[in-house]
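J.: Just to be clear, the model below is a prediction. Sequence and coordinates:
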Amino acid sequence: MRIVPLLTAASVLAAMATLAPAAGASSNRPAGSPSADCRAHVAGLDLQSASFADLEQAMTAGSLTSRQLTAAYLDRIKAYDGPTNALRALNPHALQDAARLDAERRAGHVRGPLHGLPIVLKDNIGTTDMPTTAGSIALEGSVPRSDAFLTARLRKAGAVILGKTNLSEFANWVDLSMPNGYSSLGGQVKNAYTLGDPSGSSSGSGVGTSMAFAAGSFGSETSGSILSPSDVNGLVGVKPTRGLISRAGIIPLAEGFDTAGPMTRSVADAAALLTAVAGTDPRDAATATASAHATDYVKALHGASLKGARLGYSASAFGSGTAAQQKVFARVLADLQRLGATLIDTDVVEDGGNAGLAELGLIPNDFKANLNHYLTTEIATPRSGVKSLADIIAFNSKHPDKVKYGQKLLQASDATPGEANSASAAALALRTAMGALIDGALAKDSLDAILATGASYANAGASAGYPTVIVPAGLVSEKTATGVSFMGTAWSEAKLLRLAAAYEAGTHHRVPPTVVNEDLLTGC
């Protein structure tokens, strides 16, 4: 249980009044790359701050090609990924794919706002041209029979699938002692800001995107695995409503709660990725109504403003932590007020959020049922020969040098019945209860969204299957990034993205890791 000091809304707001205007607000532009980053600029664009729209405009003007852009990202990865280990595998024909998309552009065929943009995927998202392993040595070399729905949508939209990112193995479900970002196949991912904890489980997607190793990335979340690495890696992360994005072709952790989502350096870029992949997929029953809810999230950002927005927050949560954390989150509240939002103190989610932890108890049965189904339907037999969770555990036991933190979570999962119907019923009951708690908090004070420090409400939103958007709030200390989250009711992604975009535009608190950790720039 987290113990926080008892602060009133009045005391927090009083502290906010003493703060100077937000740093960066007057410049109204994101921070760029340091002069020491010799691989930051392509065709006059800074890869750390250029948006998808900037890159597309340059390609339209003919000053940049997709092949040049892809080569630039590959050059960054080669030069800078050594200390961070964000990438597990690169697409061997990425440059050819980019050249083909350049040819389409020259012929007058542009597929949309992702045409020619290199994107990296967490290595549990299926790709037919690269193995999909969840970081497991037991799945090394495993190539799915078909692309994940998400992958196919990105390819159709004209994205270049640049590579696969390292992750916490099996979405952080191997052993409680295993560090965030570790996998038996990929090794240890390190946070680019601190060269420490990258958070999990979409660790490589978080670190790789923070380092501008691609235009953007996708992660996946069961409880915090998009939001938490986005928080500590200075990114925008979108944990969508369960069912907005198909999970078909993604190695599961818990079908009752899993989702994929974008991780980017700006809200508009996240909106573009979400637009490309949201929608109904017959292979995933949870998406049955997704197309009715999906929209053009980029267009939804037009006119984004916080004026008149009603945002709930917990004064005790925003006033807790170290003095440096308190200062950052007091500034967040001051920024939101300065930009026109009305803040309402509410502890409903804070008080009831621990109920969301019940999700963890439901994962073992769900994981066994759906992983076994995946292994028998989505892939040919891996070179290890495994066909079930029990086979994976047996294989791992022969490689203690790689599976060096144990595998008690895998073993606990295998001890369950692995029965999909009971797993689905239990997950539905929890989603219903947590959804009612969040909806009650929103309705009580007519709130547009509920604020959270960093990813602190991730378990509540994940247990409800509800969306959250996190956006950078700056640095807590010299090298520690953090963000602020906007959580809402089901299918409220457009509203949350507008709120996040307005906050981003009024603050621009993101600082690239290379600005504060130039030791990364060993390739110059």
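T.: Looks like it arrived, so ask away.
J.: residue ranges of the strands in the stretch 401-524 of the chain, please?
T.: For the stretch 401-524 of the chain, strands defined by DSSP state E, counting those that start in this stretch occupy the ranges 449-453, 468-475, 481-487.
J.: Give the pairing partners of the longest one; include direction for each.
T.: I take that to be strand 468-475. strand 236-239 (antiparallel), strand 481-487 (antiparallel) (DSSP bridges).
J.: what about Thr376, how many neighbours?
T.: 11 (other C-beta atoms under 10 Å). Any C-beta I mention is one placed from the backbone N, CA and C, and that applies to glycine too.
J.: Next, format the strands paired with strand 468-475 as TSV and append distance to Gly523, mean neighbour count and mean pLDDT.
T.: TSV is the format used below for the strands paired with strand 468-475 (distance: least, C-beta to C-beta, whole Å; neighbours: other C-beta atoms under 10 Å; pLDDT from 0 to 100):
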stretch	distance to Gly523	mean neighbour count	mean pLDDT
strand 236-239	26	32	98
strand 481-487	22	27	98
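J.: Next, format these as TSV and append distance to Gly440.
T.: Below are the strands paired with strand 468-475 laid out as TSV (distance: least, C-beta to C-beta, whole Å):
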stretch	distance to Gly440
strand 236-239	20
strand 481-487	13
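J.: for those, which one sits closest to Leu339?
T.: strand 481-487 (12.3 Å; C-beta to C-beta).
J.: Excluding chain neighbours, give the residue nearest to Ser314 in space.
T.: The shortest distance from Ser314 to any non-neighbouring residue, by C-beta to C-beta, 6 or more residues apart in numbering, is to Glu350 (4.1 Å).
J.: swap that for Val207, sorry
T.: Nearest non-adjacent residue to Val207, counting by C-beta to C-beta, 6+ apart: Ala86, 4.1 Å away.
J.: Count the neighbours of the one you found for me.
T.: Ala86: 33 neighbours (other C-beta under 10 Å).
J.: go on, the one 10 residues further on?
T.: The burial count assigned to Gln96 is 13, neighbours taken as other C-beta under 10 Å.
J.: which element is it on?
T.: helix 94-106 (DSSP states H and E).
J.: circling back to that earlier point, contacting residues for the residue nearest to Ser314?
T.: Applying C-beta atoms under 8 Å, 6 or more residues apart in numbering to Glu350 gives the contacts Ser314, Ser316, Ala317.
J.: out of those residues, who has the most neighbours?
T.: Compared across these, Ser314 has the highest neighbour count, 26 neighbours, by other C-beta under 10 Å.
J.: I'd assumed Val349 was in contact with that residue.
T.: Yes. The pair Ser314 and Val349 qualifies as a contact (C-beta atoms under 8 Å) at a distance of 7.4 Å.
J.: Can you tell me what sits against the helix holding Gln96?
T.: 59-60, 65-67, 69-71, 74, 91, 110-111, 115-116, 118, 158, 160-163.
J.: again, but for stretch 165-172
T.: 85-88, 120-124, 134-136, 174, 178, 180-187, 189, 200-205, 207-208, 217, 220, 222, 225, 251, 253, 367, 371, 410.
J.: could you redo the last one with a cut-off of 6 Å?
T.: 86-88, 120, 122-123, 134-136, 180-181, 183-184, 186, 189, 200-201, 203-205, 208, 222, 253 (C-beta atoms under 6 Å, 6 or more residues apart in numbering).
J.: Off-centre distance for it?
T.: Here stretch 165-172 is found 13 Å from its chain centre; the criterion is C-alpha atoms, centre = their mean, to the nearest Å.
J.: Let's see it as PDB, backbone CA atoms only.
T.: Output of stretch 165-172 as PDB, limited to C-alpha atoms (Å, rounded to 0.1, in the frame of the first residue of the first chain):
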ATOM      1  CA  THR A 165      12.100  -4.100 -30.000                       C
ATOM      2  CA  ASN A 166      13.300  -5.900 -26.900                       C
ATOM      3  CA  LEU A 167      10.800  -6.300 -24.100                       C
ATOM      4  CA  SER A 168      10.400  -7.700 -20.600                       C
ATOM      5  CA  GLU A 169      10.000 -11.400 -21.500                       C
ATOM      6  CA  PHE A 170       6.400 -12.600 -22.000                       C
ATOM      7  CA  ALA A 171       5.200  -9.100 -21.100                       C
ATOM      8  CA  ASN A 172       6.900  -9.200 -17.700                       C
END
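J.: if you average pLDDT over it, what comes out?
T.: Mean pLDDT, stretch 165-172: 98.
J.: So what's the predicted local confidence for Val12?
T.: Looking at Val12, its pLDDT reads 36.
J.: go on, Gly196?
T.: 97.
J.: what pLDDT, on average, does stretch 368-388 get?
T.: On average, stretch 368-388 scores 94.
J.: whoops, stretch 51-60 was the one
T.: What stretch 51-60 shows for mean pLDDT is 98.
J.: Residues contacting it, please?
T.: Here stretch 51-60 has contacts from Ala43, Leu45, Leu64, Pro113, Gly116, Ser266, Ala268, Asp269, Ala272, using C-beta under 6 Å, 6+ apart.
J.: so Asn396 is in which element?
T.: Assigned by DSSP H and E, Asn396 falls within helix 389-397.
J.: Could you verify that Thr241 is part of a helix?
T.: No. Read with DSSP: H, G, I helix; E, B strand; the rest coil, Thr241 is coil and lies in no helix.
J.: helix, strand or coil for the residue nearest to Ser314?
T.: helix.
J.: Against Leu336, how distant is it?
T.: As judged by C-beta to C-beta, to the nearest Å, Glu350 and Leu336 stand 18 Å apart.
J.: Test my guess that Leu87 contacts Gly186.
T.: No. With contact defined as C-beta atoms under 6 Å, Leu87 does not reach Gly186; the gap is 8.8 Å.
J.: burial of Ala390, as a residue count?
T.: Close neighbours of Ala390, defined as other C-beta under 10 Å, add up to 15.
J.: what does Ala436 give?
T.: That count, for Ala436 with other C-beta under 10 Å as the rule, works out to 12.
J.: quick revisit: report the separation between the residue nearest to Val207 and Ile438.
T.: Taking C-beta to C-beta, one finds Ala86 at 33 Å from Ile438.
J.: Repeat that for Asp284.
T.: Counting by C-beta to C-beta, the gap from Asp284 to Ile438 is 23 Å.
J.: The two: which has the busier surroundings?
T.: Using other C-beta under 10 Å as the criterion, Asp284 and Ile438 rank with Ile438 on top: 26 against 19.
J.: What residues does that one make contact with?
T.: Counted by C-beta under 6 Å, 6+ apart, Ile438 has contacts Ala464, Tyr466.
J.: For it, give its distance to Thr346.
T.: Using C-beta to C-beta, we find Ile438 at a distance of 11 Å from Thr346.
J.: What of Gly321?
T.: The spacing between Gly321 and Thr346, counted by C-beta to C-beta, is 19 Å.
J.: Same check on Asp519?
T.: Here Asp519 is placed at a distance of 42 Å from Thr346 (C-beta to C-beta).
J.: More neighbours: those two, which one.
T.: Thr346 (21 against 10).
J.: Give me the subset of the contacts of stretch 51-60 that lies in strands.
T.: With strands taken from DSSP state E, the overlap with those comprises Leu45.
J.: okay if I get the contacts of stretch 51-60 as TSV plus pLDDT?
T.: Output for those, formatted as TSV (pLDDT from 0 to 100):
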residue	pLDDT
Ala43	96
Leu45	97
Leu64	98
Pro113	97
Gly116	98
Ser266	98
Ala268	98
Asp269	98
Ala272	98
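J.: Return the closest of the contacts of stretch 51-60 with respect to Ala481.
T.: The closest of the contacts of stretch 51-60, once distances to Ala481 are taken by C-beta to C-beta, is Ser266, at 14.8 Å.
J.: Run a quick neighbour tally on the closest residue to the closest one other than its chain neighbours.
T.: Once flanking residues are discounted, Ser266 sits nearest to Ser51: 5.5 Å by C-beta to C-beta, 6+ apart. Residues within reach of Ser51, counting by other C-beta under 10 Å, total 18.
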